[in-house]
Every structure is written in C-alpha cells, then in structure tokens.
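Q: what would the 3D arrangement of this be:
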Amino acid sequence: MSSTKPISLLVSITFFFSLLLSSSSAQSVVKASYWFPGSEYPVTDIDSSLFTHLFCAFADLNAQTNQVTIASASQQNFSTFTQTVQRRNPSVKTLLSIGGGNASKTAFASMASNPTSRKSFIDSSIRLARSNGFHGLDLDWEYPSSATEMSNFGTLLREWRSAVAAEASSSGRQRLLLAAAVFYSNNHYSVLYPVQAVADSLDWVNLMAYDFYGPGWSKVTGPPAALYDPSNAGPSGDAGVRSWTQAGLPAKKAVLGFPYYGYAWGLSNANSHSYYAATTGAAVTISGAAIPEDGSIRYGLIRKFIVDNGATPVYNSSVVGDYCYAGTTWIGYDDNQSIVTKVRYAKQRGLLGYFSWHVGADDNSGLSRAATRAWDAAATTRTIQKN
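A: From the prediction side, this is the model:
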C-alpha cells in the first residue's frame, strides 16, 4: 500500500496539470470583431470591453518567399494593437489575421502545395505573432477552389497546429490560438473542406455567413446575410452551420459571422422595394457617403441615410435581415434585431460564439453592444433555468 501511494499521487498531479494546460487554451466563448487600417477607424476607439477576441487584419503573404509580412504602413498599428485594446479590457485576446478577400488566391495555393513553402509560412507567422504581441493567428484564404487545394489546406492546418504546439513547449509560453475564416458552408461550390483536419487543428473557424446578395453579382435584391432561407434554395447562415456540423465540425468550434455593413442598390422603380425586387443591377451613389463600386455601405452610414432621407426600415423575421428604401434606393443590411436574433441562434445551437466584419463599420458600437448583451442575457437565462 505505502509504495503505491506516491505513484497514485504523481499520476493524479500529472493528470490535473494536463487538464489545466489543455483547458488554458480552450475557448469558452468567442465574441469577436475584425479591425483593419483601411477602415480609418482608430484602434484607440475600439470598445474592447465588448469583445473576448479581436482580429487585426491583414498581414500579407509574400508570393516569392512564402513568408508572412506586415506592410510598413501598418507596422505601427499592428505592433501596438494588443497593448492598445487591452487598456480598456486586459483580458481581451488578439489574433493576427493573414490574407483577406483581396489577397492572391494563387499565392496561397502555391504556398500550401509544398512542404518547404508551408514551413516558411508557418515559421514566419509564429515569429510575427510573438514579436508583435498577438495571442494567436487567423488564416483568411478565400478560398481553396479545388480538391487538391482543399487537401493542401488541411495539411497546412495540421502542420501549423504541430508547429505552434512545439513553439509553446520550447518557449514555455501559452500556445498561440489558431483560427480561420472560411466559407459559410463546408461545401464551396462542390469542393469540400477537409473538416476533420479543420476540427483537429484549429481552435475555431469563423463562418462568413454574409455577402449572399450584392449589386455586383446579383440581378435582384436579396438579404445579404440571411440567417434563414424559407425556400431552402439559397444561401443562409443556418444552412451553413448545419452543413459544417453535419460534416463533423463540433458546434463548439463554429463561430457565426455577420456584417456591420450592407449593400445599396438602384431599383428599377420606386415601388419595387421588397426582397427579390427587379433592380438596375448596379450600386447607387448616395449623397454624402463614399460607396465603393460593389455597393457596400457601412452600418453607420446606413443609419445616417435613413435619417437624412426619411427612408423606411423593414425587419424581415422570416430571413432575419433588414432593408430600408427611399425612392429608388434600396439597402439590405443587419440592424439590432437581426444581430440579436443571430446571437441568440448561435447560443441556442451551442456554437462557440459570433464575430463581425468589421468593428469600424458599427454606429457608436451599437451593434456590438446589442450582441454582447444578447449573448450574456441568454447565458443568464440558461443558468436560471438550470438552477
């Protein structure tokens, strides 16, 4: 008996510390948003108390060296990002996001196809994250577009996870978080994501459940970020969540995304203001607002447009989306009720949390405040019911 007690005690202590170490990197909730320099929104203005995680976007992939780099114009903001947002919320975690919608798909595909170039990407990403004070890394490759690229994507993720674990072990520091922004569905136009590699390698994935309709690619108006599609014929956030989880992604590794921007259209006539109305198929010019060619307009400017033009706002509960119209201008977007409903959905579905693109498009943090209150209220309600 006496000879077995020290062994039992040692096993118990070892098991306890292994649980402690594994739980230290596990995330209980993600309430996040992205920030990028092009938003012209100062990092100092971010109310980080509303978030558990913030993404700093974007670092670049050098197509020649396959190394991750930060543009010289962004270096100052990126190097002080964590320090700045932690002044208001010392517990907020930051991730350096790599890639983005404007990044070269060819460069990512080439990098992921070769063991040497993958190592260059991985090693440089870890060095950049550590040297700039980030707690993790986020890959935004939009999107692997063939079975081979998807397979290479999975290999890249597995090697990335192994590398950050090894770096944490050798440095004695907490392991870097790993996340990725992915298509809203695990099926990207008949090309399937390597779900098992995603689940095994990443702490979570950000499901980009938006940009479903826009004047640059759709001939009719439609909800840009519908949570539901009553016809079951088009894209929706719910369809994406079900696609990923039915393919094997644990719900606790899925984070639902929604936009803090909408799309402005020119209607064919002033009476065609419902969803799926006939339109001119082009973005409109709105006085006093800088509208890109794709028609995207941030939430703060949408609120201003409604006030300045006496626009009529409409919430559609069947899709969980909003639109407003004045004359022949129609804007689809998410307002408070849509955001709150989506947050409650994420909670009810057992997802890890939610994220938005992007924090600078909000209107005085109104949407972010509504989101975090909705999540916390849902948590409180569940606790009360459980007790």
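Q: in this structure residue 365 contacts residue 48, no?
A: No - Residue 365 lies out of contact with residue 48 (CB atoms under 8 Å); the separation is 10.3 Å. Every C-beta, even on glycine, is put in place using the N, C-alpha and C of the backbone.
Q: and these two? which has more neighbours close in?
A: Per other CB atoms under 10 Å, whichever of residue 365 and residue 48 has more neighbours is residue 48, with 21 against 17.
Q: how much space separates residue 101 from residue 125?
A: 19 Å (CB to CB, to the nearest Å).
Q: quick check: what element follows the longest helix that the chain contains along the chain?
A: Longest helix in the chain, counting residues (DSSP state H): helix 147-171. Scanning forward in sequence from helix 147-171 by DSSP states H and E, the next helix or strand is strand 177-183.
Q: one step back: show me what the longest helix of the chain packs onto, helices and strands only.
A: Secondary-structure packing of helix 147-171 (3 or more CB pairs under 8 Å, 6 or more residues apart in numbering; DSSP states H and E): helix 105-112, helix 115-131, strand 136-140, strand 177-183, strand 191-192, helix 195-201.
Q: now tabulate those in TSV and tack on mean pLDDT, mean neighbour count and distance to residue 318.
A: Below are the helices and strands packed on helix 147-171 laid out as TSV (pLDDT from 0 to 100; neighbours: other CB atoms under 10 Å; distance: least, CB to CB, whole Å):
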stretch	mean pLDDT	mean neighbour count	distance to residue 318
helix 105-112	98	19	35
helix 115-131	98	17	42
strand 136-140	98	25	31
strand 177-183	98	24	24
strand 191-192	98	15	29
helix 195-201	98	18	30
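Q: need the ones you listed in JSON lines (columns: distance to residue 160).
A: Shown next, in JSON lines, are the helices and strands packed on helix 147-171 (distance: least, CB to CB, whole Å):
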{"stretch": "helix 105-112", "distance to residue 160": "10"}
{"stretch": "helix 115-131", "distance to residue 160": "5"}
{"stretch": "strand 136-140", "distance to residue 160": "8"}
{"stretch": "strand 177-183", "distance to residue 160": "6"}
{"stretch": "strand 191-192", "distance to residue 160": "20"}
{"stretch": "helix 195-201", "distance to residue 160": "7"}
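Q: among the ones you listed, which comes closest to residue 55?
A: Smallest distance to residue 55 across those (CB to CB): 5.5 Å, for strand 136-140.
Q: so that closest one versus helix 105-112, what angle?
A: Relative orientation of strand 136-140 versus helix 105-112 (axes from the mean of the first three to the mean of the last three CA atoms, to 10 degrees): 130 degrees.
Q: kindly calculate the angle that strand 136-140 makes with helix 115-131.
A: Angle of strand 136-140 versus helix 115-131, following the same axes, to 10 degrees, is 130 degrees.
Q: with only the CA atoms kept, save strand 136-140 in PDB.
A: What follows is strand 136-140, C-alpha atoms only, in PDB (Å, rounded to 0.1, in the frame of the first residue of the first chain):
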ATOM      1  CA  GLY A 136      -3.000  33.900 -31.900                       C
ATOM      2  CA  LEU A 137      -3.200  33.600 -35.700                       C
ATOM      3  CA  ASP A 138      -6.100  33.600 -38.200                       C
ATOM      4  CA  LEU A 139      -5.900  32.400 -41.800                       C
ATOM      5  CA  ASP A 140      -8.300  34.000 -44.300                       C
END
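Q: report all helices and strands that it contacts.
A: With contacts defined as 3+ CB pairs under 8 Å, 6+ apart, strand 136-140 has these neighbours: strand 53-61, strand 93-99, helix 115-131, helix 147-171, strand 177-183.
Q: which outside residues touch the third one?
A: Identification of contacts with helix 115-131 by CB atoms under 8 Å, 6 or more residues apart in numbering yields 59, 61, 65-70, 96, 98, 110-112, 134-137, 155-156, 159-160, 163-164, 167, 171, 173, 176.
Q: quick one: buried ones out of the residues you listed?
A: Among the contacts of helix 115-131, those classed as buried by 16 or more other CB atoms under 10 Å are 59, 61, 66-68, 70, 96, 98, 110-112, 134-137, 155-156, 159-160, 163-164, 167, 176.
Q: give me the buried positions along whichever helix or strand residue 82 is part of.
A: For residue 82, the enclosing helix or strand under DSSP H and E is helix 81-85. The neighbour-count check on helix 81-85 (16+ other CB under 10 Å) flags 81-82, 84-85 as buried.
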